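In: Please work out how this folds:
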Amino acid sequence: MPQETLFQESARVSNRANPYPLYAELRRTPVSRESDGTYVVSTYREVSSLLYDPRISADPRNSADPPPMYKNPNAPPPEPSFIQLDEPRHEHMRRLTMKHFGPPRSPGRISGMAARIGQLVDKLLGAHQGRQEIDIVQDLSYPLPVMVICDLLGVPLEDEPRFRDWSDILTSGLDPDPSLQNDPAFLQRIFKASAEIRVYMAELLKAHRRTPNDSMLSAFVNDPEARAQVTDGEFMSIAILLLIAGHETTVNLISNGVLTLLRHPDLLARLRREPELVPAAIEEVLRYEPPVQFRNRTTLADVSVAGVTIPKGAEIILLIAAANRDPLRFPDADRFIPDRTDNQHLSFGSGVHYCFGAPLARVEAQIALREIIRRLDGPVLAVDPPPYRFNPALRGPSHLVVNFERLTD
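Out: Sure, this is the predicted structure:
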C-alpha cells in the first residue's frame, strides 16, 4: 500500500476493530506525508519529542484547516478552551481551572470521589442482578463517567440526553475523512450542535453565578481571579471541554479494558486472584488500547523530525496509538502485560498539555474494572469483534455485550 494512504486507510470504519497492523506499517517511516499534505508521526521517540516542542501548536486558529466548528461563515468562531492554547496563555488558563479540580487548592476533590464512584458502579451493576447479559458500554462505561462528571461539574444529570447528542456530533468533527470535512450537511450538524451547547452552557454558568454551590463549575465561574481574567466565551469553552472530555475518553478506557481482559481469560483470572494489579492493568490498557488514538497539531516553524523537515504551517497527526506500540520503546509491544513495568505510555499526552483529567479517569476505570472482574462470574463476549464507534480518534466499542453466569454481591 502506498505510504501516503496508510493513515487514511487506518481511519476507515472497516479497520476500526484492528488498526494496529497499519500502524506498524506506518512506523517503518517515522514521519510520513499523506496525500493531502498532512504529516503523520508514528514512533514513540518522535511523538514524545513533539509533545514537548513549543514549535508545535495546539491552537486551531493556527491551522490552515481548522476543525469544522471554526468554519461557520454565519457565526464568529468559538474561543478555544485552554487545551487548545499555546504558552503562555495555556499555562495561565490551565492554572485557573486546575485549582478547582485538584491540588493544591482542592487536594481531596478527586480522591474524595472514590466512595461515590464505587456506589455508582454498585448501582449500575446491581441493576443486572438475576440477569445473564450486560452491555458494558450502554449499561456501565457510558453512564458511570456521565454521572461522575455531572456530579463534579454541577451539570443536571437529567440533561444527559441533550448533551449526549451534542457530544456525539461535535466529536465526529475529529474524523479526518476529507469527504466528511467538506460535506455541507455534516458541517451544518456541527454548527447547530456547537451553537446549541454554547447556549445551554451559558445559561448553566449564569445559574451557577446566581446560586453558587460546591461544584467545580460554580467555584470556577465565581472565582474573583478567574472572573477578572477569563472571558465569557472562554468560560463556556472550558465548561464544554470539561463536560465532553470528562466522560468521552473514560467510556473508551473502561470498555477497552473489559474487552481486552475478556480476550485474555487467563489474565482476567489472574486479576481476580490479584486485584492489587488492577491499577497497573489500567495503565497497560491505556498503552495497548488507548481511548484517544491521535492528536492534531500545527507547526509554527520548520521542524526537523527523524530526518524529515516539516514546514511551517503544516498539519501534523501525532499517532499516539502507534507510538504506544513502538517495539523500540516497549518490549513485546503487541502483547498485553498487566503488570508491565516502565510503562510511560503517551495516552494522556505529555509536556504542558498532559491531560489534567487523568487522575479522575484512572480512579473511575480502576473501580469499574475491579468490580466487573470481581462480580461477573463466567463472563464471555457475545460478539467479537464488537461494533465500534464511528469516530477513529476516540476509538472504542459502541456496544460490548457480555454474557455471564451470575452476578455476585
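
In: And what about the most centrally placed residue in the chain, helix, strand or coil?
Out: Residue closest to the mean C-alpha point of the chain, counted by CA atoms, centre = their mean, is residue 249 at 3.1 Å. Following DSSP: H, G, I helix; E, B strand; the rest coil, we place residue 249 in the helix state.

In: Name the SS class of the residue lying farthest from the centre of the chain, please.
Out: Within the chain, the residue lying farthest from the chain centre (CA atoms, centre = their mean) is residue 130, at 33.3 Å. The three-state label given to residue 130 by three-state DSSP is coil.

In: Tell me the helix or strand right after the lowest-mean-pLDDT helix or strand in the chain.
Out: Lowest on mean pLDDT, DSSP states H and E among the helices and strands of the chain sits helix 178-181, with a mean of 67. Downstream of helix 178-181, the first helix or strand assigned by DSSP states H and E is helix 184-210.

In: Now that next one: average pLDDT?
Out: On average, the pLDDT along helix 184-210 is 92.

In: quick one: that helix to chain centroid distance?
Out: Put simply, helix 184-210 sits 20 Å off its chain's centre (CA atoms, centre = their mean, to the nearest Å).

In: Which elements pack onto that helix?
Out: For helix 184-210, the packing partners by 3 or more CB pairs under 8 Å, 6 or more residues apart in numbering; DSSP states H and E come out as helix 160-171, helix 216-221, helix 232-262. C-beta here means a position set from N, CA and C on the backbone, and glycine is covered the same way.

In: pLDDT below threshold where in the chain?
Out: For the chain, the stretches flagged by pLDDT under 70 are 1-4, 102-108, 175-181.

In: returning to that earlier point: now the residue farthest from the centre of the chain: closest residue in space that isn't a chain neighbour?
Out: What sits nearest to residue 130 in space, not counting adjacent residues and going by CB to CB, 6 or more residues apart in numbering, is residue 407, at 7.8 Å.

In: Equivalent analysis for residue 345, please.
Out: The shortest distance from residue 345 to any non-neighbouring residue, by CB to CB, 6+ apart, is to residue 287 (3.7 Å).

In: Does the one you found touch residue 329 like I think?
Out: No. The criterion here is CB atoms under 8 Å, and residue 287 misses it with residue 329 at 9.9 Å.

In: can you give me the strands in the protein?
Out: Taking DSSP state E as the criterion, the chain contains strands spanning 31-33, 39-41, 56-57, 133-135, 295-299, 303-305, 308-310, 315-318, 376-377, 380-381, 401-403, 406-407.

In: how about the ones you listed, which one is nearest residue 362?
Out: Set against residue 362 and scored by CB to CB, these come closest in strand 295-299, at 19.4 Å.

In: Packing partners of the closest one?
Out: For strand 295-299, the elements it packs on are strand 56-57, strand 315-318, judged by 3+ CB pairs under 8 Å, 6+ apart.

In: give me that answer again for 10 Å
Out: Contact analysis of strand 295-299 by 3 or more CB pairs under 10 Å, 6 or more residues apart in numbering; DSSP states H and E lists strand 39-41, helix 44-52, strand 56-57, strand 315-318 as its packing neighbours.

In: how near is residue 282 to residue 258?
Out: For residue 282, the distance to residue 258 equals 11 Å [CB to CB, to the nearest Å].

In: one step back: just confirm the residue farthest from the centre of the chain contacts residue 404, I think it does.
Out: No. The criterion here is CB atoms under 10 Å, and residue 130 misses it with residue 404 at 11.7 Å.

In: re earlier: tell me which of the strands of the chain sits most buried.
Out: Each of the strands of the chain was scored by mean neighbour count; the highest is strand 39-41, a mean of 25, by mean count of other CB atoms under 10 Å.

In: Okay, now the sheet partners of that strand, with direction.
Out: Within its sheet, strand 39-41 is paired with strand 31-33 (antiparallel), strand 315-318 (parallel), according to DSSP bridges.

In: my read: residue 42 touches residue 319, true?
Out: Yes. Using CB under 10 Å, residue 42 is in contact with residue 319, at 4.3 Å.

In: okay, and the common contacts of these two?
Out: Common contacts of residue 42 and residue 319 (CB atoms under 10 Å, 6 or more residues apart in numbering): 7, 10, 23, 26, 27, 32, 294.

In: Looking at those residues, which one is closest to residue 91?
Out: residue 294 (23.9 Å).

In: Near residue 25, how many other residues are there?
Out: For residue 25, the tally of surrounding residues (other CB atoms under 10 Å) stands at 18.

In: residue contacts, the closest residue to it other than its chain neighbours?
Out: Nearest in space to residue 25, with sequence neighbours left out and distances taken as CB to CB, 6+ apart, is residue 6 at 5.6 Å. Residues near residue 6 by CB under 10 Å, 6+ apart: 19, 22, 23, 24, 25, 26, 28, 29, 32, 34, 40, 42.

In: Report the buried members of these.
Out: 19, 22, 23, 24, 25, 26, 32, 34, 40, 42 (16 or more other CB atoms under 10 Å).

In: List the contacts of residue 163.
Out: Residues near residue 163 by CB under 10 Å, 6+ apart: 146, 149-150, 155-156, 170, 193, 196-197, 200-201, 240, 243-244, 247.

In: circling back to that earlier point, figure out which of the strands of the chain is closest to residue 109.
Out: In terms of CB to CB, the element of the strands of the chain nearest to residue 109 is strand 295-299, at 26.3 Å.

In: mind checking how far that closest one is from the chain centre?
Out: On CA atoms, centre = their mean, the centre of strand 295-299 falls 16 Å from the chain's centre.

In: Cheers, nothing more for now.
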